[in-house]
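> Structure here, sequence nowhere to be found:
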């Protein structure tokens, strides 16, 4: 499992190349596949060996599991997209909290980030409420309090 | 020794049923998400499901295990027969479970009482009480903005800050929301959850909490103006960060997903709310199946007791 997390950078997004992401997306949509099956629909325009190497790399990063099927391997994603998002976020938070000498400092960054996100969200909600209020009151109508 | 063995066997069955049913509920409750029901009905179902393992285990134990032991266990040989390692171990587990439940309830109640007492210092009654049979108090600024407290004597606390921030209409509708929680006895329900501990129930409880909030929103709102006022009150009070975390046995106004609640309120449609309500789940729908189940129990009670006793014998050995 550590291998999975080691690929995530400070941005909490998996550091995967575009082609690795494409392969992972495809495997999520298909459930499981061999290299040949992945290439079968012609949506991936890469050589067989490139796809094989990429899937092997994803396997080594701990994002795929594989079982031998004849002379090839069948690959399955280890996590669902939601699970991957969750473990990525959790590990990023753990890494953040574990970094630095003053343990309270990263936590304060987190609180600050969450608070500013909350404030932004509340500002947006406030705008929506005001817009709706104007909509239902109309130009000539009195507000409830004026009534 | 006979009585001790009887208690051990009863507790063993109780803890086995409780564990099994709780595990089942912890996995199966998600099926309710597919149900197209009102939020009130959904909250009711989630609550019923959460307490089902405890209620059913107690019911089965007293309806089957205790009578089967009393009627079918021979008393003459009780001197020779000991309690057995398994019933003893599981009996202790059951006692620990009950003790843990009691401790959680007492701890939650004590912490709540202490904090509420502090909030109530210098509190005074308000004029705006939404016309309900309740005491609404203005409390200290550091108290949560709007909170329902108490189990038997329920009260709504409005902090000075909330009172200053909300318009009269917003305050009235926010109080109506809290009164809906009061009528639903949501504080008591939260305490009941504390009494039935089981790992993996947090999500069910969180889903119940969200459904209870939406149900209270629905109960408070009767037209689009109300919906917008309630949404505005939610946004305003969300900005008030409480100094202390709210204790277990209180129901705060700013709970659950604020974004989802506001979006739902702003999309409130008077016409749709009137005619296109999701189907309500009426309690009397449960009467025919309950009668059939009762009939089956009455008819098969004797064989069921015998079977229970056989299982008891197997368990004790």
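Nice, thanks for sending it over. Fair warning: this is a prediction, and the values are worked out from it, not measured in the lab.
> Excluding residues flanking it in the chain, which one is nearest whichever residue of the stretch 51-200 of chain B sits closest to chain A?
Scanning the stretch 51-200 of chain B for proximity to chain A using Cβ to the nearest Cβ identifies residue B:169 as nearest, at 5.2 Å. C-beta coordinates here come from the backbone N, C-alpha and C atoms, glycine included. Leaving aside its sequence neighbours, residue B:169 sits nearest to residue B:229 (Cβ to Cβ, 6 or more residues apart in numbering or on different chains; 4.8 Å).
> The one you found and residue B:213: what is the separation?
16 Å (Cβ to Cβ, to the nearest Å).
> With residue B:301 instead?
Computed as Cβ to Cβ, the residue B:301 to residue B:213 distance reads 43 Å.
> Those two: which is more packed in?
Using other Cβ atoms under 10 Å in any protein chain shown, the more surrounded residue of residue B:301 and residue B:213 is residue B:213, with 27 against 13.
> Am I right that that one falls within a helix?
Yes: under DSSP: H, G, I helix; E, B strand; the rest coil, residue B:213 sits within a helix.
> before we move on, what SS does the closest residue in space to it that isn't next to it in sequence have?
Leaving aside its chain neighbours, residue B:213 sits nearest to residue B:256 (4.2 Å; criterion: Cβ to Cβ, 6+ apart). Secondary structure for residue B:256, judged by three-state DSSP, is coil.
> ok, residue B:256 - contacts?
Contacts were defined as Cβ atoms under 8 Å, 6 or more residues apart in numbering or on different chains; by that measure residue B:256 touches B:209-210, B:213-214.
> make it 10 Å
B:206, B:209-214, B:216-217, B:234 (Cβ atoms under 10 Å, 6 or more residues apart in numbering or on different chains).
> Distance-wise, check it relative to residue A:53.
Distance of residue B:256 to residue A:53, given as Cβ to Cβ: 47 Å.
> tell me the contacts of residue A:16?
If a contact means Cβ under 10 Å, 6+ apart, then residue A:16 has A:7-8, A:22-24, A:54, A:57-58, A:61, A:63 as its contacts.
> can you list the residues of chain A near chain B?
A:115, A:118-119, A:121-133, A:135-137, A:143-145 (Cβ under 10 Å from any Cβ of the partner chain).
> In ChimeraX, select just the buried ones from these.
With 16 or more other Cβ atoms under 10 Å in any protein chain shown as the criterion, this ChimeraX line picks the buried residues out of these:
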select /A:122,125,126,128,129,132,133,144
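> circling back to that earlier point, please flag which of the contacts of residue A:16 sit within helices.
Cross-referencing the contacts of residue A:16 against helices under DSSP state H gives A:22-24, A:54, A:57-58.
> Now tell me which helix or strand of the chain has the poorest mean pLDDT.
Since you didn't name a chain, this refers to chain A. Of all helical and strand segments in chain A, the minimum by mean pLDDT, DSSP states H and E falls on helix A:2-6, at a mean of 42.
> oops, chain B please
Ranking every helix and strand in chain B by mean pLDDT, DSSP H and E puts helix B:270-275 at the bottom, with a mean of 59.
> quick one: buried residues of whatever helix or strand comes next after it?
Using DSSP states H and E, the helix or strand that directly follows helix B:270-275 along the chain is helix B:287-316. The neighbour-count check on helix B:287-316 (16+ other Cβ under 10 Å) flags B:304-305, B:308-309, B:311-312, B:315-316 as buried.
> Repeat that for stretch B:6-23.
For stretch B:6-23, a neighbour-count test (16+ other Cβ under 10 Å) marks B:6-19, B:21-22 as buried.
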